[in-house]
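In: Here's my sequence, what's the structure:
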Amino acid sequence: MGDSPHYDVIIIGTGAGGGTLAHRLAPSGKRVLLLERGDYLPRERDNWDSTAVFVKGKYRAPEFWLDKHGNEFPPEVNYYVGGNTKFYGAALFRLRPQDFGELTHHDGLSPAWPLRYEDLEPYYTQAEHLYLVHGRHGEDPGEGPVSAQYAYPPVEHEPRIQQLSDDLEKQGLHPFHLPIGVNLSQDSNGRATHSSVCIRCNRVDGFPCLVRGKSDAQVICVEPALQHPNVEMITNARVVRLETAGPTGRSVSQVVTRLEDGSEARYAANIVVVACGAVNSAALLLASADEHHPRGLANSSDVVGRHYMRHNNLALMAISKEPNDTQFQKTLALHDWYLGADDWDYPLGGIQMLGKSDAEQIHGEAPRWAGAVAPDMPFEVLAHHAVDFWLCGEDLPLPGNRVTLDRHGAIRLSLDEKNNIEGLSRLRHKLQHMLGHLGMHEHRLLPHSIYLHKGMPIGATAHQAGTVRFGDDPATSALDINCKAHDLDNLYVVDTSFFPSIGAVNPSLTAIANALRVGDHLIDRLS
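Out: Model prediction:
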């Protein structure tokens, strides 16, 4: 180790889990080291360029994973300070209370969590306030009870989306303002004020924010944490394995890291927290196998890497009869069929708006669908009339959907892409059958696969979860209720890996709330 200091806590990863945890621990005075495999995202004009971000994938990690057949694919991952929150849409939903219990789906059971919605609710509120979530509790009749209203009012709909909301209400539905994390202040007309950081542009979804108006983990948590003298961060530091010590290997003793210059460094701490994202966290634990843990760390139950989930997602473009001049489109959601419908006894999922598509995004997908489906409509006209929807259904935590390593250490992701998809199909039909009543051209609903990684569904890893699940039984879970490994005394996993199920909403807020909860546990433990 040389002269490397001993830390109270080492956190591997700076995204929604790791970055938030660092923010929670920073005021405690405990010595915290953040290890981030990437660097700061460059602030440049390409941050907001559709061709650079979506078509060329300029900021995507330059790596390939393997599918179950051994074929390479590019995963939707970004290695920067702030993790994947640099590119997320900042849609920060709570899971519903029912998501924490056992739910019956068409294709099987979604398992119960070892804690209840009520246990996480105070941390949901703290997470919403910390990440500047704009919304209004009480609009969605299916949401769980809340202890406090959002600290910020909802982002106002622009005229076309307000009309969509009104039309949905006329259909007897309950649209609500999408909860979104942005540093926005609005005037009486809903426009960004002259002092607002967020400018209500059309680059909110999938783009890094050039003006730092989106609530990503770097801006909200990592940078404030680094203001404390007890918190340090090393960038371009890839952790390659964790080593254990002692006659039983019950403690992580060394965090072995490859630095930017190719050299190896070793760090030690009382507590080691893995927060690399569900796939990479599982991969790190598997790569750390030793004589005491032959199947990988925290893996006596053989669940590490298993039960991978990523949601059943579908991005759809409807063509409005009237032009859609909306800039900030991501303001509306609909959960009326989240748990079922009058003609279906099983959960369907939720509908929300996407960021506004543009001609460059559509043109980039032309060989796949645009020219074939709408040759009579130029890309610019198509984009001007587009209304973009995101449909999200729950996939189930199948043990065969898993992360493994091949003999060279490469990540292999095995996935059943037909897992519980009937609900999503029915959700699409619900939307499609309403188009005429919503001011859209009937039968003009186009699959918008640019959000799904160029028609490679397995590469859509933005909502990855479930590979290091927590639970009460060490025989069927890797972590206890505090996200500490059953098999080790000082190893925690604090990202979306711990999810036993994923629900049908974006997982980020739940990861953030859980990181705050685990942070309180660690402060108590260290004191």
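In: Give the buried residues for stretch 483-497.
Out: By neighbour count with 16 or more other CB atoms under 10 Å, stretch 483-497 contains the buried residues 483-488, 490-497. For every residue, glycine as well, the C-beta is placed using N, CA and C.
In: Tell me the strands beside the biggest strand by length in the chain, with direction?
Out: Looking across the chain with DSSP state E, the single longest strand is strand 264-274. Strand 264-274 has its sheet partners listed here by DSSP bridges as strand 6-12 (parallel), strand 251-258 (antiparallel), strand 491-493 (parallel).
In: and it, which residues are buried?
Out: For strand 264-274, using 16+ other CB under 10 Å, the buried residues are 265, 267, 268, 269, 270, 271, 272, 273, 274.
In: quick one on the thing from earlier: please name whichever of the strands paired with strand 264-274 is nearest to residue 202.
Out: Across the strands paired with strand 264-274, residue 202 has its closest neighbour in strand 6-12 (34.2 Å, CB to CB).
In: any residues touching the closest one, and which ones?
Out: Outside strand 6-12, the residues within contact range by CB atoms under 8 Å, 6 or more residues apart in numbering are 18, 21-22, 25, 30-35, 239, 255, 267-276, 284, 494, 522, 526.
In: what do you get for stretch 417-432?
Out: Counting by CB under 8 Å, 6+ apart, 105-108, 312-314, 316, 318, 337, 341, 344, 346-349, 351, 389, 391-396, 398, 401, 443, 445, 457-458 sit against stretch 417-432.
In: how about that stretch: buried residues?
Out: 419, 420, 421, 422, 423, 424, 426, 427, 428, 430, 431, 432.
In: Let's see which of these end up in helices.
Out: Secondary structure defined by DSSP state H assigns 422, 423, 424, 426, 427, 428, 430, 431, 432 of those to helices.
In: for those, which one is nearest residue 76?
Out: Of these, the one sitting nearest to residue 76 (CB to CB) turns out to be residue 424, at 18.5 Å.
In: Next, work out how far apart the closest one and residue 439 are.
Out: Separation of residue 424 from residue 439 (CB to CB, to the nearest Å) stands at 24 Å.
In: what do you get for residue 266?
Out: For residue 266, the distance to residue 439 - CB to CB - is 61 Å.
In: export the ones in helices among the buried residues of stretch 417-432 to TSV and tack on pLDDT and distance to residue 148?
Out: Formatted as TSV, these follow (pLDDT from 0 to 100; distance: CB to CB, whole Å):
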residue	pLDDT	distance to residue 148
422	95	37
423	96	32
424	94	33
426	96	35
427	96	31
428	92	35
430	95	33
431	93	33
432	90	38
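In: who's in contact with residue 333?
Out: For residue 333, the contacting residues are 91, 93, 140, 175, 176, 177, 178, 350, 351, 352, 353, by CB under 8 Å, 6+ apart.
In: Check whether residue 121 sits in a helix, strand or coil.
Out: helix (DSSP: H, G, I helix; E, B strand; the rest coil).
In: tell me, how many neighbours does the closest residue to it other than its chain neighbours end up with?
Out: Once flanking residues are discounted, residue 121 sits nearest to residue 147: 6.0 Å by CB to CB, 6 or more residues apart in numbering. By the criterion of other CB atoms under 10 Å, residue 147 has 11 neighbours.
In: I figured residue 147 hits residue 125, correct?
Out: Yes - at 5.2 Å, residue 147 and residue 125 qualify as touching, with contact defined as CB atoms under 8 Å.
In: What average pLDDT does the lengthiest helix in the chain get?
Out: Ranked by residue count and defined by DSSP H, the top helix of the chain is helix 508-526. In this model, helix 508-526 carries a mean pLDDT of 98.
In: Offset the numbering so it begins at 754, please.
Out: Fine by me, first position is 754 from now on; the one you just mentioned is helix 1261-1279.
In: tell me what it is packed against?
Out: Applying 3 or more CB pairs under 8 Å, 6 or more residues apart in numbering; DSSP states H and E, one finds that helix 1261-1279 contacts strand 759-765, helix 771-778, helix 870-883, strand 1017-1027.
In: Indicate which one of those is closest to residue 974.
Out: Of all the helices and strands packed on helix 1261-1279, helix 771-778 sits nearest to residue 974, with 3.7 Å by CB to CB.
In: Run the angle between that closest one and helix 870-883 for me.
Out: With axes from the mean of the first three to the mean of the last three CA atoms, to 10 degrees applied, the angle from helix 771-778 to helix 870-883 works out at 90 degrees.
In: returning to that earlier point: turn the strands paired with strand 1017-1027 into JSON lines, including distance to residue 1055.
Out: As requested, the strands paired with strand 1017-1027 are exported to JSON lines (distance: least, CB to CB, whole Å):
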{"stretch": "strand 759-765", "distance to residue 1055": "23"}
{"stretch": "strand 1004-1011", "distance to residue 1055": "20"}
{"stretch": "strand 1244-1246", "distance to residue 1055": "16"}
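In: Heading C-terminal from the helix or strand of the chain with the lowest mean pLDDT, find the next helix or strand.
Out: Lowest on mean pLDDT, DSSP states H and E among the helices and strands of the chain sits helix 1124-1126, with a mean of 46. Next in sequence after helix 1124-1126, counting helices and strands by DSSP states H and E, comes helix 1132-1138.
In: who touches that following helix?
Out: 1072-1078, 1110-1112, 1114-1116, 1119, 1123, 1127, 1130.
In: Residue 757: neighbour count?
Out: The burial count for residue 757: 12, using other CB under 10 Å.
In: on that earlier part again, now list the buried members of the contacts of stretch 1170-1185.
Out: By neighbour count, with 16+ other CB under 10 Å, the contacts of stretch 1170-1185 hold 858, 860, 1065-1067, 1069, 1071, 1090, 1094, 1099-1102, 1104, 1142, 1144-1149, 1151, 1154, 1198, 1210-1211 as buried.
In: sorry, back to before: residues in contact with the residue nearest to residue 874?
Out: Contacts of residue 900 by CB under 8 Å, 6+ apart are 874, 875, 878.
In: Closest one to residue 1230 out of the residues you listed, please.
Out: For the contacts of residue 900, the nearest to residue 1230 is residue 874 (22.5 Å; CB to CB).
In: mind checking how far the closest one is from residue 908?
Out: Where residue 908 is concerned, residue 874 sits at a distance of 23 Å (CB to CB).
In: Would you mind telling me which of those two has the busier surroundings?
Out: Between residue 874 and residue 908, counted using other CB under 10 Å, residue 908 has the larger neighbour count: 24 against 18.
In: hey, where'd the strands end up in the stretch 754-903 of the chain?
Out: Along the stretch 754-903 of the chain, the stretches classed as strands by DSSP state E, counting those that start in this stretch are 759-765, 785-788, 818-819, 825-826, 856-858, 861-863, 886-887.
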